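Chemist: Here is the input, now give the coordinates:
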Amino acid sequence: MDDFTRRSLLQGGTALAATGALTGPALFEFANAWAQTAPWKAEPGAKLTVMRWKRFVPSEDEAFNAIVAAFQKATGTEMNVFSESFEDIQPKASVAANTGTGLDMVWGLHTLPQLFPTKVLMMNDVADYLGKKYGGWSDAAARTCKKGNDWLGIPVATVGGYMTYRKSATDKAGFKEFPKDFPGFLEMCKALKANNTPAGFALGHASGDANGWLHWVLWGHGAYTVDKDNKVIINSPETAKALDYCKALSDNFIPGVASWNDSSNNKAFLAGELYCTSNGISIYIAAKDDPTKKDLAEDTYHALYPVGPIGKPTELQLTVPILAFNFTKYPNAAKAFIDFMLEKEQFDKWLMASRGYLTQTLNAYESSPIWTADPKNYVFGQASKRALPASGIGTPGEKAATAIADFIVVDMFANYCTGSKDAKTTMAEAERQLKRIYR
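Modeler: Next up is the predicted model:
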């Protein structure tokens, strides 16, 4: 665990200043002023242990550490923060929820708070305060964290996942503009393979990447796990069409995607082995920051997901909600920290430091300069507005969260695309699993 101090903050000041982040004395001055009027006052002697997802953009991590250090100094709260991979967040959070020990707060992904709704500290007051102050919440992000009228956590941001591609390769394949519909996208992937510049999308247990693009394919065909009344409807003609389309795509992918995790496509793209994938902006940032990959960075572009037969965006974007457990000894400190994270004086700067990796969930931040600082950033600023909640057209909640955590949709597609099961079998298996969850 890392105990952040003023000294470590100041050491990181140069990197943070380069991104426009609020740093050094200015950050501490704001934190001290905020603490005097904050709606929530940290309990004397408060100590918070916080688990968050592991960084993908170093400057975001530095900016977050700066926020932690400033909050610690302004409130006297002892902050212990450590990072885990996306794949490890959910099981470790579940252990803490079941034992009532080890963690006070978790900054996780998707519908994490919905996995244990009776174990989290309700955040209605925090959500109401921030929503009224900053123009309200984007719909999918809010629905991700709510159960009925109760807020189980706060959707801090969305990690937007969009098409990342080598323009030289798509141009050579005959696509001067990135396709905007499913048929065009399939034809492009075929042409990329023919030119030995393949696309590739995760078919393994990649919590963010695989869930993201496979739900896009499913929903784009008008197929869903459950309907608006939470009746299981996965076994349908629309799902069969989605499976066939995905199989046609995967036949043109780079080998090995069935075992990919969330970092595999990053590595393959940066190694020059992959020419189109779905990812956050982190691939582009890594290329820009590597002097040996200047040409790759210049050749890397981004595009919105093509729209499927349903005729409208059907995106599962990676909401990263933060929750506090109701067994924490310091609930006011937890709420104060969340409020502090999302206050404008630093949150807008934090978005800048994330360099497009994080997208706002509070509407007031849509005008952040990060989305115009580089034209290649723009599409990622749309993520929260174009997304559906992880439940699709169903009700967000513990059951939908379980289906995501158990990779039911991912495994259904992977089994068909790899040839291990036919469409009828893999749909029936997904149906049985979902009915056990939604009984």
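
Chemist: For Lys294, the count of nearby residues, please.
Modeler: Neighbour count of Lys294, defined by other C-beta atoms under 10 Å: 11. No exception for glycine: its C-beta is placed from N, CA and C like everyone else's.

Chemist: Also Asn326?
Modeler: 15.

Chemist: That one against Lys119, yeah?
Modeler: Yes - using C-beta atoms under 8 Å, Asn326 is in contact with Lys119, at 6.1 Å.

Chemist: where's Lys294, which helix or strand?
Modeler: Assigned by DSSP states H and E, Lys294 belongs to helix 294-299.

Chemist: Counting by contacts, list what that helix packs against.
Modeler: Judged by 3 or more C-beta pairs under 8 Å, 6 or more residues apart in numbering; DSSP states H and E, helix 294-299 is in contact with helix 282-289.

Chemist: Pull the contacting residues for Phe340.
Modeler: Ala31, Trp34, Ala38, Ile67, Ala70, Phe71, Gln346 (C-beta atoms under 8 Å, 6 or more residues apart in numbering).

Chemist: and those residues, which are buried?
Modeler: Buried by 16 or more other C-beta atoms under 10 Å: Ala31, Trp34, Ala38, Ile67, Ala70, Phe71, Gln346, out of those.

Chemist: Reformat the residues you listed as JSON lines; add distance to Thr277, secondary structure and pLDDT.
Modeler: Putting the buried ones among the contacts of Phe340 into JSON lines (distance: C-beta to C-beta, whole Å; DSSP: H, G, I helix; E, B strand; the rest coil; pLDDT from 0 to 100) gives the following:
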{"residue": "Ala31", "distance to Thr277": "39", "secondary structure": "helix", "pLDDT": "94"}
{"residue": "Trp34", "distance to Thr277": "40", "secondary structure": "helix", "pLDDT": "95"}
{"residue": "Ala38", "distance to Thr277": "42", "secondary structure": "coil", "pLDDT": "95"}
{"residue": "Ile67", "distance to Thr277": "31", "secondary structure": "helix", "pLDDT": "94"}
{"residue": "Ala70", "distance to Thr277": "36", "secondary structure": "helix", "pLDDT": "95"}
{"residue": "Phe71", "distance to Thr277": "36", "secondary structure": "helix", "pLDDT": "96"}
{"residue": "Gln346", "distance to Thr277": "32", "secondary structure": "helix", "pLDDT": "87"}
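
Chemist: I'd like the distance between the residue sitting nearest the centre point of the chain and Glu177.
Modeler: Nearest residue to the geometric centre of the chain (C-alpha atoms, centre = their mean): Leu318, 2.6 Å. To Glu177, Leu318 is 26 Å away according to C-beta to C-beta, to the nearest Å.

Chemist: just Met123 next, same as before
Modeler: As defined by C-beta to C-beta, Met123 lies at a distance of 42 Å from Glu177.

Chemist: hmm, back to that, CSV for the buried ones among the contacts of Phe340, including distance to Ala140?
Modeler: Listed next are these as CSV, based on distance: C-beta to C-beta, whole Å:
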residue, distance to Ala140
Ala31, 31
Trp34, 29
Ala38, 28
Ile67, 25
Ala70, 30
Phe71, 28
Gln346, 24
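
Chemist: what's the neighbour count on Lys435?
Modeler: A total of 14 residues lie near Lys435 under the criterion other C-beta under 10 Å.

Chemist: Could you report the pLDDT at it?
Modeler: Reported pLDDT at Lys435 in the predicted model: 98.

Chemist: Equivalent analysis for Leu318, please.
Modeler: pLDDT, Leu318: 86.

Chemist: Does it touch Gly108 like I think?
Modeler: No - contact criterion C-beta under 8 Å: Leu318 and Gly108 do not qualify, at 10.3 Å.

Chemist: Of Met123 and Glu177, which one has the most company?
Modeler: Each of Met123 and Glu177 has its neighbours counted (other C-beta under 10 Å); Met123 has more, 25 against 9.

Chemist: nearest residue to the more buried one other than its sequence neighbours?
Modeler: Leaving aside its sequence neighbours, Met123 sits nearest to Trp151 (C-beta to C-beta, 6 or more residues apart in numbering; 4.2 Å).

Chemist: Burial check on that neighbour, number of neighbours?
Modeler: Neighbours around Trp151, by other C-beta under 10 Å: 25.

Chemist: Now for it: which residues touch it?
Modeler: So Trp151 contacts Met122, Met123, Asn124, Val126, Ala127, Cys145 (C-beta under 8 Å, 6+ apart).

Chemist: Using a markdown table, please lay out those together with distance to Ile254 and secondary structure.
Modeler: Formatted as a markdown table, these follow (distance: C-beta to C-beta, whole Å; DSSP: H, G, I helix; E, B strand; the rest coil):
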| residue | distance to Ile254 | secondary structure |
| --- | --- | --- |
| Met122 | 45 | coil |
| Met123 | 42 | coil |
| Asn124 | 46 | helix |
| Val126 | 44 | helix |
| Ala127 | 42 | helix |
| Cys145 | 36 | helix |
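
Chemist: For PyMOL, write the select line for the buried members of those.
Modeler: In PyMOL, the members of these classed as buried (16+ other C-beta under 10 Å) are selected with the following command:
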select buried, resi 122+123+126+127+145
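
Chemist: Pretty sure Tyr365 sits against Trp137.
Modeler: No - applying C-beta under 8 Å as the test, Tyr365 and Trp137 come out as separate, 11.0 Å apart.

Chemist: All the strands of the stretch 1-150 of the chain, residue numbers only.
Modeler: Taking DSSP state E, counting those that start in this stretch, the strands of the stretch 1-150 of the chain run over residues 2-3, 47-53, 78-84, 105-107, 146-147, 150-151.

Chemist: meant to ask about the stretch 151-300 of the chain
Modeler: Going by DSSP E, counting those that start in this stretch, the stretch 151-300 of the chain shows strands at 154-159, 162-166, 276-279, 300-303.

Chemist: Serialize those to CSV and add fields for mean neighbour count, mean pLDDT and distance to Val217.
Modeler: Formatted as CSV, the strands of the stretch 151-300 of the chain follow (neighbours: other C-beta atoms under 10 Å; pLDDT from 0 to 100; distance: least, C-beta to C-beta, whole Å):
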stretch, mean neighbour count, mean pLDDT, distance to Val217
strand 154-159, 26, 95, 19
strand 162-166, 23, 98, 13
strand 276-279, 26, 97, 11
strand 300-303, 20, 98, 16
